[in-house]
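Enquirer: Fold the stuff below for me.
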Amino acid sequence: MTVINALANQYYLYIRRGQKPVPWNIYDTNPPINFGLTTYFGKIFQAIEKSFQLSGLVFYVTWDEIDELPSYGQNVVVFVLGDEWYRIPKYTHKVKAVFKCIGTHPILGCNPLVKPSLLNLLTLIQFLRILVVCLPGFVNYHWHKFKNLLLGKGAITPIYDIPLGYNNSKDMLIKDIEKRLYDAYFSGSVVHVQYPLWSLKYWLGTPKTLARKLMLSSVNKFKKKNPDFKVELSITGGFRNRTVEDERSYCEIMMDTKICLVPRGTSFETTRLFEAMKYGCIVVTEALPSRWYLDGAPVIKIKDWQDLEGILGQLLKNKQLMRELHEESLNWWKNQCSEAIVAEYIVEKLYANIPLWKKHIAGVSMSLTPP
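Expert: Numbering: from 1, shown residues only. Purely as a prediction, here's the structure:
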């Protein structure tokens, strides 16, 4: 297998079991496999390389493969970017560390008993389904944890939460909030999977589709009552359906947006949240999980999209509050979610788990077992 000698560590893109991992030059702007988040994580890995603190590690970057890897060992680090089932990988106890977007702890995000509705009922059903899917990995992880404790082997591999970052984001000069053209903006899909006629999802919908339909209904009511405000809606078939021109336009509109509407996707945490904060937009979103990079985030959380009319009205009339939230979004991205900060977090966690006798001033030397 080809090794990229210019790098202190080896990086591989690994889609699914049975396929060979693809060597990844993290400085390549056109990676051999594009997960959609490779630009963000490519920059994170570049920052790790520049830190000079870690070397000899094998990084596997996968979308949602949680069953097996091409190799294992205390020099193997895994990044799971797209698993929306919150699963704990089966191989966790065989590697040095696992970093996971979206995490391993799902949230319900509503109270169906206090506020019964079709949306909250479907959200509860989805939450219970996720718990069932999560259960085998949870049991496997804690069994190995217990076994290591009995055998005196110490703690097993931690699983660290990391932000999704952006799917596509151009680096542009930040535009002053008051000079932005769009008062509010949403771009995304409502229904990106066409379910068959006999599927319950065809008739009832999903939490994602229902939430977004409610949001669009409220936005359209606001537009009708407030024609002087410029509100832009761009309904797509899903982010994978966008062309390069679409992405360029999306980034430019985001930079020209004051308030970005961020409804849930399949999970509550979406790339749109991070893209909006990077551009300094004011974010209106739903419930968010507790994560080190989300706790205290300067976002406006909405429990019911039918309340959106009032929220937009109050925000757009308060220029001082909007400016403050704009600055806080920019600062939050820079200090909590930017590539450099996430790279520091990863290095800190990996370096903390290396025995003292292996640490030295220039970095870390570890035995390398090729995949």
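
Enquirer: how about low-confidence regions in the stretch 1-150 of the chain?
Expert: Scanning the stretch 1-150 of the chain for pLDDT under 70 picks out 1-5.

Enquirer: any idea which element I235 lies in?
Expert: strand 231-236 (DSSP states H and E).

Enquirer: and the residue lying closest to I259 once chain neighbours are set aside, how many residues sit next to it?
Expert: Of all residues not flanking I259 in the chain, A184 sits nearest, at 4.3 Å (C-beta to C-beta, 6 or more residues apart in numbering). To be clear about C-beta, it is placed using only N, CA and C from the backbone, and glycine gets the same treatment. When neighbours are counted by other C-beta atoms under 10 Å, A184 registers 24.

Enquirer: F79 too?
Expert: Counted with other C-beta under 10 Å, residues neighbouring F79 total 24.

Enquirer: secondary structure class for it?
Expert: strand (DSSP: H, G, I helix; E, B strand; the rest coil).

Enquirer: so who does it touch?
Expert: F41, F59, Y60, V61, T62, V98, F99, K100, C101, I162 (C-beta atoms under 8 Å, 6 or more residues apart in numbering).

Enquirer: One more pass at 7 Å, please.
Expert: F41, F59, V61, F99 (C-beta atoms under 7 Å, 6 or more residues apart in numbering).

Enquirer: Inside strands: which ones of these?
Expert: Mapping the contacts of F79 onto strands (DSSP state E) picks out F59, V61, F99.

Enquirer: State the distance from I235 to A211.
Expert: According to C-beta to C-beta, to the nearest Å, I235 and A211 sit 14 Å apart.

Enquirer: And these two? Which one has more around it.
Expert: Between I235 and A211, A211 has the larger neighbour count (other C-beta under 10 Å), namely 24 against 12.

Enquirer: And the helix or strand hosting the more buried one, what's buried?
Expert: Using DSSP H and E, A211 sits within helix 207-225. Buried residues in helix 207-225, counted by 16 or more other C-beta atoms under 10 Å: 207-216, 218-219, 222-223.

Enquirer: Determine how far that helix lies from the middle of the whole chain.
Expert: On the basis of C-alpha atoms, centre = their mean, to the nearest Å, helix 207-225 sits 24 Å off its chain's mean C-alpha point.

Enquirer: Then stretch 52-63?
Expert: Using C-alpha atoms, centre = their mean, the offset of stretch 52-63 from its chain centre is 19 Å.

Enquirer: quick one: buried residues of that stretch?
Expert: Neighbour count says stretch 52-63 has Q53, L54, S55, L57, V58, F59, Y60, V61, T62, W63 buried, by 16+ other C-beta under 10 Å.

Enquirer: still on that earlier bit, just the ones in strands among the contacts of F79 now: which is nearest Q320?
Expert: Nearest to Q320 among the ones in strands among the contacts of F79, counting by C-beta to C-beta, is F99 at 38.7 Å.

Enquirer: wouldn't the closest one be in contact with I346 here?
Expert: Yes. With contact defined as C-beta atoms under 7 Å, F99 reaches I346; the gap is 6.4 Å.

Enquirer: Helices of the stretch 101-250 of the chain, residue ranges please.
Expert: 118-151, 200-204, 207-225, 244-255 (DSSP state H, counting those that start in this stretch).

Enquirer: center of the chain, which residue is that?
Expert: Geometric centre of the chain, nearest residue: L164, 2.1 Å, by C-alpha atoms, centre = their mean.

Enquirer: show me the contacts for that one.
Expert: So L164 contacts L37, C101, I102, E269, T271, F274 (C-beta under 7 Å, 6+ apart).

Enquirer: ok, back up a step: any idea how far L315 is from the residue nearest to I259?
Expert: From A184 to L315 the distance is 9 Å (C-beta to C-beta).

Enquirer: how is this structure carved up into domains?
Expert: Structurally, the chain divides into domains by automatic domain parsing as follows: 10-162, 177-337.

Enquirer: Spatially nearest residue to G188 (excluding sequence neighbours)?
Expert: Nearest to G188 is T236, by C-beta to C-beta, 6+ apart, at 6.1 Å.
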